[in-house]
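**Q** Okay, predicted coordinates and the sequence, questions at the end:
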Amino acid sequence: MNRRSIFILLLAILTGPAWAAADEGKAIPWEQLTPEQQRILKPVRQQWDQLPPRRQQRLRQGAERWSKLSPRERRLVKKRFKRWQSLSPRQREMAIKRFNRFRKLPPAEQQRLRQRYQWFRKLPREKQRALRERWRKMPPRERMRQLQRRLPGRR
C-alpha cells in the first residue's frame with residue numbers, strides 16, 4: 001500500500017464517530033461515490049469491492065471531510081500524518097492511550113486543557129523550550145504532584 005493510501009486510511013480512521021450511525025451492513029458501490037470522492041479514494045479503487053462496508057463508509061466520510069478542508073488545513077493534516085509516520089510503534093501506542101484518556105475527561109476539563117495548550121502555543125519559542133526543559137528536569141514525584149493539582153480525579 002502506498003503512502004497516499006495509508007494517508008487516506010488514517011484520515012478515515014480519524015473522522016470520529018460519525019461513521020457509527022451509518023448502515024454497516026450494505027456495501028457502497030464505487031459508482032455511488034461522487035466524482036470528488038472517487039478522485040480522493042482512487043488509491044483504494046482496486047480493493048474497494050473487497051473492503052468491509054464499515055470501512056467503505058469510513059473512507060467515504062473521510063473523503064467527504066477531506067474535500068471540505070481548506071488548503072491550509074490539508075497541509076496541516078499532511079504534516080501531522082508525516083509526524084505520525086515517524087513515530088515508533090511504542091510512541092504511537094502512547095499517543096493513542098493519551099488521546100483515549102483525554103476523551104474520557106469531562107468536557108469542561110477537556111476545554112480547560114485545550115485552552116492551556118493554546119496558551120502554551122502562543123508563548124515565544126524560547127519560553128516553550130524553557131518550560132519543557134523545566135518539566136524534563138523535574139523529579140517524577142514533583143511531576144505527579146503537578147499533574148494531580150491540575151487534573152480532577154487523579155489523586
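**A** Perfect, thanks for sending it.
**Q** Please make it C-alpha for all contacts and neighbour counts, starting now.
**A** Fine.
**Q** where does this protein dip in pLDDT?
**A** Scanning the chain for pLDDT under 70 picks out 1-24, 150-155.
**Q** Residues touching stretch 125-134, excluding its own?
**A** 120-121 (CA atoms under 8 Å, 6 or more residues apart in numbering).
**Q** what about 10 Å?
**A** Residues outside stretch 125-134 that contact it (CA atoms under 10 Å, 6 or more residues apart in numbering): 120-123, 135-138.
**Q** buried residues in that stretch?
**A** Within stretch 125-134, no residue is scored as buried using 16 or more other CA atoms under 10 Å.
**Q** May I have that stretch as CSV, with CA atoms only?
**A** Coordinates of each C-alpha in stretch 125-134 appear next as CSV, following Å, rounded to 0.1, in the frame of the first residue of the first chain:
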residue,chain,number,x,y,z
ARG,A,125,9.7,29.5,21.4
GLU,A,126,12.3,30.2,24.0
LYS,A,127,9.7,30.3,26.8
GLN,A,128,8.2,27.0,25.4
ARG,A,129,11.7,25.4,25.4
ALA,A,130,12.4,26.6,29.0
LEU,A,131,9.1,25.2,30.3
ARG,A,132,9.7,21.9,28.5
GLU,A,133,13.2,21.7,29.9
ARG,A,134,12.0,22.5,33.4
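**Q** and that stretch, how far out from the chain's middle?
**A** Using CA atoms, centre = their mean, to the nearest Å, the distance from the centre of stretch 125-134 to the centre of the chain it belongs to is 25 Å.
**Q** hang on, the earlier thing: give me the subset of the contacts of stretch 125-134 lying in helices.
**A** 120-122, 135-137 (DSSP state H).
**Q** biggest separation within these, which pair?
**A** 122 and 137 (22.7 Å; CA to CA).
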